[in-house]
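K.L.:
Show me how the following folds:
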Amino acid sequence: MEEQVKELLKKINRPGMDELIDFLEKSDYFEAPASTRYHGAYKKGLMEHSYKVYEILKEKIAFHKLDVSEETLIIVTLLHDMCKVNFYKVDYRNVKNAKGEWEKVPYYTIEDTIPYGHGEKSVMMITEYIKLTNEEKYAIRWHMGFSEPREQYGTLGQAFKKYPLALLLHEADMEATYFYNI
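P.N.:
Just a heads-up that it's a prediction; the model follows:
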């Protein structure tokens, strides 16, 4: 799957994309979990989750006959959770094994060195390398949908109306998370 993801990313023809791919290859993007204990809470979970979101969103775009470029599809799906790059760390805790003996086991913990939110942090990190369209910015920023604070619901609704891709990305993200546990 790593090669498939890299091939998709290489289809993006924008200034700075080579540097962004280089950053991803040097980071933990291809090895990181998607979360600490929820969906994709295992090695390579982030990449698998992002690829599943790509597959789901591609079908949704076709079904709704939205005019979305392949570049935009790739960017908003494979990079929507870029905020999770270099975000999780492995730590150890003592747990009793089947024999009732204590042993150290690894688990993922959060080490947020860039505390800038979720969607907005992904947008910020991506735009350090490539320029995003407004549609891409809004889709990535609001992909968490109604898990945003209640005070944001009005703005979220406006974003979904203005950019239907943002709503579809949110749906694809939720489907990958809850239907596929990735």
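
K.L.:
which residues touch the residue nearest to the spatial centre of the chain?
P.N.:
With distances taken as Cα atoms, centre = their mean, the residue of the chain nearest its centroid is residue 81 (2.3 Å). Residue 81 makes contact with 34, 46, 49, 50, 122, according to Cβ atoms under 8 Å, 6 or more residues apart in numbering. Where C-beta positions appear, they are placed from N, C-alpha and C, glycine not excepted.

K.L.:
Please repeat the previous calculation with a cut-off of 10 Å.
P.N.:
Shown in contact with residue 81 (Cβ atoms under 10 Å, 6 or more residues apart in numbering): 29, 32, 34-35, 40, 46-47, 49-50, 53, 87, 118-119, 121-122, 140, 143-144, 173.

K.L.:
now residue 157
P.N.:
142, 146, 167.

K.L.:
Please identify the helix or strand for the last one.
P.N.:
Same thing as residue 167. helix 164-178 (DSSP states H and E).

K.L.:
just to revisit the earlier point, just the buried residues of the contacts of residue 157.
P.N.:
Listed as buried from the contacts of residue 157 are 142, 167; burial here means 16 or more other Cβ atoms under 10 Å.

K.L.:
mind listing what's buried in the helix or strand harbouring residue 73?
P.N.:
Element membership for residue 73, per DSSP H and E: helix 70-78. Neighbour-count burial for helix 70-78 flags 71, 72, 73, 74, 75, 76, 77, 78 (criterion: 16+ other Cβ under 10 Å).

K.L.:
what's the nearest residue to the second one if we skip its chain neighbours?
P.N.:
By that I understand residue 72. The spatial neighbour of residue 72 that comes closest, neighbours along the chain excluded (Cβ to Cβ, 6 or more residues apart in numbering), is residue 136 at 5.7 Å.

K.L.:
report the angle between the axes of the helix or strand containing that neighbour and helix 70-78?
P.N.:
Using DSSP H and E, the element containing residue 136 is helix 134-141. Here the directions of helix 134-141 and helix 70-78 differ by 10 degrees (axes from the mean of the first three to the mean of the last three Cα atoms, to 10 degrees).
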